[in-house]
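A.B. asks: I would like the atomic coordinates for the input below:
(one chain, ligands or ions: 1)
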Amino acid sequence: MLRIGLTGGIGSGKSTVSRMLAARGAVIVDADLIAREVVAPGTPGLAAVVEAFGPQVRAADGSLDRPALATVVFSDPEARRRLDGIVHPLVRHRTAELVAQAPADAVVVNDVPLLVETDQASSYDLVLVVEADQETRVTRLVQRGLHEEDARARIAAQATDEQRRAVADVVLDNSGTPEELAEQVDRFWAEQVGSRPD
Ligand code: ADP
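C.D. replies: All right, here's what the predicted structure looks like:
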């Protein structure tokens, strides 16, 4: 098994690269999806979050009220730590389960938006970073429906390109066209994945 950690700032093109890698046969493990799954309605994860933060973080339909929870943890680092202490072990456990289900010779790509921020680079055989210059990312995020100020604030709250580059084994430049990105993904697959010894 080859374990690849895929990361990049918001709007850099991680999800796009993830789809391209899936099309080439990789098994994708999506950290954002898992983080939602472990606190879905009816889960022990959601029950633990409600127990810790009160019934106001559960919406009328039984799902997690994310804005309400964000308000609680926004200005309270201790509350944030408590939340992470509940959610992170559940995410790690579910991630390990999914990786264990992949075939022994699989190429497993963990799509982890906050890989650098959460210091997880050493968990992977290879760290793949997707980059695009900031104005390109803002333009794409606005096209995706975000307000420009929101896009800029989210970019500013994340790690910098330099911090991501410092842990990268391979950097893909997604400032150009999707075709140019696909060519880089093909090259990465041929050089780093297809040619690896079994
Ligand atoms: P991330 O997962 O890193 O937030 P996405 O892969 O969702 O980024 O890309 C952000 C947005 O930009 C999406 O709407 C996507 O379709 C678009 N996009 C990605 N790469 C390109 C590209 N090379 N040219 C034009 N649009 C792109």
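A.B. asks: Quick one: name the residues of the chain near the ligand.
C.D. replies: With CB under 6 Å from any ligand atom as the criterion, the chain meets the ligand at residues 8, 10-16, 140, 144, 174, 177-178, 181. Every C-beta, even on glycine, is put in place using the N, C-alpha and C of the backbone.
A.B. asks: In PDB, list the C-alpha atoms belonging to the helix or strand of the chain with the lowest mean pLDDT.
C.D. replies: When the helices and strands of the chain are scored by mean pLDDT, DSSP states H and E, helix 66-74 comes last with a mean of 92. C-alpha atoms of helix 66-74 as PDB (Å, rounded to 0.1, in the frame of the first residue of the first chain):
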ATOM      1  CA  ARG A  66     -22.700  23.900  13.100                       C
ATOM      2  CA  PRO A  67     -23.200  27.700  13.300                       C
ATOM      3  CA  ALA A  68     -24.300  27.300  16.900                       C
ATOM      4  CA  LEU A  69     -21.300  25.100  17.700                       C
ATOM      5  CA  ALA A  70     -19.000  27.500  15.900                       C
ATOM      6  CA  THR A  71     -20.300  30.400  18.100                       C
ATOM      7  CA  VAL A  72     -19.600  28.400  21.300                       C
ATOM      8  CA  VAL A  73     -16.000  27.500  20.300                       C
ATOM      9  CA  PHE A  74     -15.000  30.600  18.300                       C
END
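A.B. asks: Counting by contacts, list what that helix packs against.
C.D. replies: helix 44-53, helix 77-101 (3 or more CB pairs under 8 Å, 6 or more residues apart in numbering; DSSP states H and E).
A.B. asks: Which one of those helices lies nearest to residue 155?
C.D. replies: helix 77-101 (20.3 Å; CB to CB).
A.B. asks: Please parse this protein into its domains.
C.D. replies: 1-26+106-198, 32-104 (automatic domain parsing).
A.B. asks: Name the nearest residue to residue 123, ignoring sequence neighbours.
C.D. replies: residue 5 (6.6 Å; CB to CB, 6 or more residues apart in numbering).
A.B. asks: now that neighbour, what's its secondary structure?
C.D. replies: Three-state call for residue 5 (DSSP: H, G, I helix; E, B strand; the rest coil): strand.
A.B. asks: so it bridges to which residues?
C.D. replies: Bridge pairing for residue 5 (DSSP bridges) gives the partners residue 110, residue 127.
A.B. asks: if I read this right, it contacts residue 110, doesn't it?
C.D. replies: Yes - counting by CB atoms under 8 Å, residue 5 touches residue 110, with 5.3 Å between them.
A.B. asks: Common neighbours of these two, please.
C.D. replies: 123, 124 (CB atoms under 8 Å, 6 or more residues apart in numbering).
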